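Asks: Sharing a model prediction with you, sequence too.
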Amino acid sequence: MVRESTRDRRARVAAMQAQQKAAERRRLLAVIAACAVVILAIAGGVAWAIMGERNKEQAALDKLSNGAASAACDPVITDPAVGSSDHFGPGTNKPEQTKAEYTTVPPSSGPHLASPVLGERRVYTVADAPAVESLVHNLEHGYTILWYDPSVEKEQAGAFDALAKKINAMPEAGNKFLITPWDTSRGAFPAGKKYALSHWFAKADSSGKVTEQAGKRQLCGGLSTEVVESFVKANPWSAAPEAGAA
């Protein structure tokens with residue numbers, strides 16, 4: 001039997017170690033490749049989902065982008081503003097009062113509940129619509145509200161979400177644009193009108209004192225992104241009696 005020399009044994013061990021390291025490298029590369037495939041698949045799925053959601057939103061908006069003429073809107077109405085800082089309900093000197101009588105449909109100013117509608121929601125349904133008296137307080141804080149006749153809720157649900165997202169991204173909206181059903185027990189929209197925009201407009205002097213107030217309303221037979229954008233640009237969140245409030 002030929003005795004293996006120390007040099008040969010070292011060479012053989014080195015070769016075995018090199019083969020082992022090469023095998024480990026191949027396994028590591030295989031794991032990395034598998035992870036990359038999984039990551040790419042997840043990223044692709046997320047991107048596809050985002051694109052799909054954006055496409056849905058755009059498709060919903062496209063249905064509303066037929067121009068102002070197709071919406072059959074009346075000219076913007078200017079109402080006398082009343083009720084600034086006129087609060088009622090819990091925490092006020094009129095704690096038992098929960099309702100107010102408004103002279104316009106929908107209101108563009110007026111007495112209101114002490115607490116406005118707060119939170120992240122920007123679209124409401126017939127099932128969970130806030131009280132009109134709370135929403136009027138939002139108007140005082142610079143919100144623009146799109147009120148809709150309950151009869152269109154099912155048809156326009158997807159469009160409402162897409163529209164709220166688009167309008168609230170406008171600097172003039174300041175994330176203060178709400179969509180909510182109108183309570184028809186408080187009075188009906190004029191014949192042929194299904195939508196109404198309202199804003200409590202105000203101007204202030206250099207000291208911040210309000211010098212001019214007016215209610216702004218526009219009633220429409222259809223829904224148009226162009227109309228809403230124009231109304232919000234003309235009546236930004238900053239032009240309100242208490243624009244700095246939430």
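Replies: Great, that's in hand.
Asks: In which helix or strand does Gln20 reside?
Replies: Per DSSP states H and E, Gln20 falls inside helix 6-62.
Asks: now that helix, how far from the chain's geometric center?
Replies: Here the centre of helix 6-62 is set off from its chain's centre by 39 Å, with CA atoms, centre = their mean, to the nearest Å.
Asks: Helix or strand next in line after that helix, which one?
Replies: Reading on from helix 6-62 to the C-terminus, the next helix or strand found by DSSP H and E is strand 77-80.
Asks: Give me the sheet partners of that following strand and which way each runs.
Replies: Using DSSP bridges, strand 77-80 pairs in its sheet with strand 210-220 (antiparallel).
Asks: Extract the CA atoms of the helix or strand following the strand it pairs with and return them as PDB.
Replies: Sequence-wise, the next helix or strand downstream of strand 210-220 (DSSP H and E) is helix 225-234. Presented in PDB, the C-alpha positions along helix 225-234 are these (Å, rounded to 0.1, in the frame of the first residue of the first chain):
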ATOM      1  CA  THR A 225     -65.300  66.900 -11.900                       C
ATOM      2  CA  GLU A 226     -64.700  70.100 -13.800                       C
ATOM      3  CA  VAL A 227     -67.600  71.900 -12.000                       C
ATOM      4  CA  VAL A 228     -66.400  70.700  -8.500                       C
ATOM      5  CA  GLU A 229     -62.800  71.800  -9.300                       C
ATOM      6  CA  SER A 230     -64.000  75.200 -10.400                       C
ATOM      7  CA  PHE A 231     -66.200  75.700  -7.300                       C
ATOM      8  CA  VAL A 232     -63.400  74.700  -4.900                       C
ATOM      9  CA  LYS A 233     -60.900  77.000  -6.700                       C
ATOM     10  CA  ALA A 234     -63.200  79.900  -6.400                       C
END
